[in-house]
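A.B. asks: mind looking at a prediction? Sequence and model below.
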Amino acid sequence: MLTYIRESVEELRNNVTLPSRAESSNLMVVVAVFSILFALATWGVDTVFSELIKLYFDNVLN
């Protein structure tokens, strides 16, 4: 287990490169925009299905 941890730390130090601050900021904006768009799409589909279910049960019960 210790060997695995040592090798993992060594790999992180030697082989992993972090993006620049500017690139990280740009990627954060992209993720935020797509998250908001996905949330709005989910809300829209949920609203449509909710209304369809209400219409269905209003017609079945009356």
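C.D. replies: Good, I have the coordinates. Numbers count the residues shown, from 1 in each chain.

A.B. asks: report pLDDT for Asn62.
C.D. replies: Looking at Asn62, its pLDDT stands at 69.

A.B. asks: low-confidence ranges in the chain?
C.D. replies: Residues of the chain meeting the criterion pLDDT under 70: 62.

A.B. asks: mind listing the helices for it?
C.D. replies: If DSSP state H is used as the criterion, the helices of the chain fall at 2-15, 21-61.

A.B. asks: now tabulate the ones you listed in CSV and tack on mean neighbour count.
C.D. replies: C-beta coordinates here come from the backbone N, C-alpha and C atoms, glycine included. Shown next, in CSV, are the helices of the chain (neighbours: other C-beta atoms under 10 Å):
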stretch, mean neighbour count
helix 2-15, 9
helix 21-61, 10
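
A.B. asks: quickly note the distance from Val9 to Thr3.
C.D. replies: 11 Å (C-beta to C-beta, to the nearest Å).

A.B. asks: render the CA-only coordinates of stretch 47-62 in CSV, please.
C.D. replies: Provided in CSV are the C-alpha atoms of stretch 47-62 (Å, rounded to 0.1, in the frame of the first residue of the first chain):
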residue,chain,number,x,y,z
THR,A,47,-43.0,21.3,-16.2
VAL,A,48,-44.3,19.8,-19.5
PHE,A,49,-44.6,16.3,-18.1
SER,A,50,-46.3,17.7,-14.9
GLU,A,51,-48.9,19.5,-17.0
LEU,A,52,-49.5,16.4,-19.2
ILE,A,53,-50.0,14.3,-16.1
LYS,A,54,-52.5,16.9,-14.7
LEU,A,55,-54.4,16.9,-17.9
TYR,A,56,-54.5,13.2,-18.1
PHE,A,57,-55.8,12.7,-14.5
ASP,A,58,-58.3,15.6,-14.9
ASN,A,59,-59.8,13.8,-17.9
VAL,A,60,-59.8,10.4,-16.3
LEU,A,61,-61.4,11.5,-13.0
ASN,A,62,-64.1,13.7,-14.6
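
A.B. asks: all set now, cheers.
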